[in-house]
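In: this one's sequence-less:
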């Protein structure tokens, strides 16, 4: 099954690439990957894996070891932004509020369906040129 890889550049634009799941299997969050591993168009690029989510929508967390899902006790912050009952102000950090949520480990497995990456080193061609949509009236180049 294919993995959808979101490649974001420094301009804030995000481009989508689909790759086979065996390419990224065994990699961890915040590992550096080469663009050639994802697509031949991305030669010269280096990217950092910043996040991932699996087929059920559970996100990968850098503090959870392993590949599978685990129930993690979270305090206010990453993965938990809940307001306690009776609290009216937004943005206040509640004292003592904890929540147990299911999260996936930081190692990518075959269950991962989406991976978010950030470009750290650019290649010869710009991402906007590589993934440019054809203008109206023009046909997209056909692959043979």
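Out: Okay, I see it. Because the structure is a prediction, the values reported are computed rather than measured.
In: and residue 18, how many neighbours?
Out: 10 (other Cβ atoms under 10 Å). C-beta coordinates here come from the backbone N, C-alpha and C atoms, glycine included.
In: just confirm it is within a strand.
Out: Yes. Counting by DSSP: H, G, I helix; E, B strand; the rest coil, residue 18 is part of a strand.
In: quick one: it from residue 104, how far?
Out: To residue 104, residue 18 is 20 Å away according to Cβ to Cβ, to the nearest Å.
In: residue 35 reaches residue 45, doesn't it?
Out: Yes. Applying Cβ atoms under 8 Å, one finds residue 35 in contact with residue 45, separated by 3.0 Å.
In: overlap in contacts of these two?
Out: Counting by Cβ atoms under 8 Å, 6 or more residues apart in numbering, the residues touching both residue 35 and residue 45 are residue 123.
In: how about the helices in the chain?
Out: For the chain, applying DSSP state H gives helices covering 21-24, 35-38, 127-130.
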